[in-house]
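Peer 1: 3D model of this:
(one chain, ligands or ions: 1)
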Amino acid sequence: MRKRIVAGNWKMNKTPSEAALLIGELIPLVNNDNVDVVFCVPAIDIPCAVELTKDTNIRIGAQNMYFEDKGAFTGEIAPDMLKDAGAEYVIIGHSERRQYFAETDETVNKKVLKAFEYGLKPIICCGETLTQREQGITIEWVCMQIKIALLGLTPEQIADVIIAYEPIWAIGTGKVATKEQAQEVCAAIRGCVREIAGDAAADAMRIQYGGSVTGDSAPDLFAMEDIDGGLVGGASLKPDFGRIVNA
Ligand code: PGA
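Peer 2: Alright, predicted model coming up:
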């Protein structure tokens, strides 16, 4: 049985002092040991988030990192900085990073490999645009993203990866994929991982659905066979996140 994992992606929201207030509000609402609960907060909020959640079931993640160890990369954040600050997870290749910051499948792969070097657990994002869905190429597109993202990883590492399937048309739009649409793609992702890394990795690897998840839509989505939790944007900043975790 795969343990469910629900992660909040706070995006570019909440100053450190606002983060402290929100975390205080959410701690009692997400207290559920049957689920891995992760808050992926802005980098500057990580130290206070780690401190405030240290005796709870909540783990802290970052939303991005660079693929080099250190050096002249003004404005970037290195994996050991995240690790030293107490982050355990890192979102890699979110569609907003791909769209606004020119990330590619190749940089995603470099970041995933680097995350493993430093013992950070990657949450790798993939997903199609509305045009791609309408053209009927969703599955090929997403499987290609995943195959490139996982290049060079061992089956043991792949078993530890978290994949977030996030249709771009569903992110921040209030237009959630149907449970059948989400299940179809998550099953295809698991099938493609089975081909490249074998049964053990495919059966262990956790796949999240993301895109306008709320407390109302979460129970149906999370009941699907290949959906092991969610990556949640807007609703992760609200008490509704508690309902999602407990779904
Ligand atoms: P949303 O964002 O829940 O606000 O749609 C999800 C995400 O971008 O991870």
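Peer 1: okay, CA-based contacts and neighbour counts for the rest of this
Peer 2: OK.
Peer 1: Now for residue 244: which residues touch it?
Peer 2: By CA atoms under 8 Å, 6 or more residues apart in numbering, the residues touching residue 244 are 6, 213-215, 218-219.
Peer 1: what does the model give it for pLDDT?
Peer 2: Per-residue pLDDT puts residue 244 at 98.
Peer 1: if I pick the residue nearest the centre of the chain, what's in contact with it?
Peer 2: Residue closest to the average C-alpha location in the chain (CA atoms, centre = their mean): residue 123, at 3.9 Å. Contacts for residue 123 (CA under 8 Å, 6+ apart) come out as 89-92, 161-164.
Peer 1: Equivalent analysis for residue 110, please.
Peer 2: residue 67.
Peer 1: Can you identify the element that follows the host helix or strand of it toward the C-terminus?
Peer 2: Take DSSP states H and E as the rule and residue 110 turns out to sit in helix 105-117. Following helix 105-117 in sequence order, the next helix or strand is strand 121-126 (DSSP H and E).
Peer 1: Which neighbours in the sheet does that next one have, and how are they oriented?
Peer 2: strand 89-92 (parallel), strand 162-165 (parallel) (DSSP bridges).
Peer 1: The ligand: which of the ones you listed is closest?
Peer 2: Shortest distance between the ligand and the strands paired with strand 121-126, using CA to the nearest ligand atom, is found for strand 162-165: 8.2 Å.
Peer 1: picking up where we left off before, buried residues, the helix holding residue 110. List them.
Peer 2: The neighbour-count check on helix 105-117 (16 or more other CA atoms under 10 Å) flags 105, 107-116 as buried.
Peer 1: Also stretch 170-180?
Peer 2: Across stretch 170-180, burial judged by 16+ other CA under 10 Å covers 170-172, 176-177, 179.
Peer 1: what's the answer for stretch 205-222, then?
Peer 2: Neighbour counts over stretch 205-222 (16+ other CA under 10 Å) mark 205-215, 217-219, 221-222 as buried.
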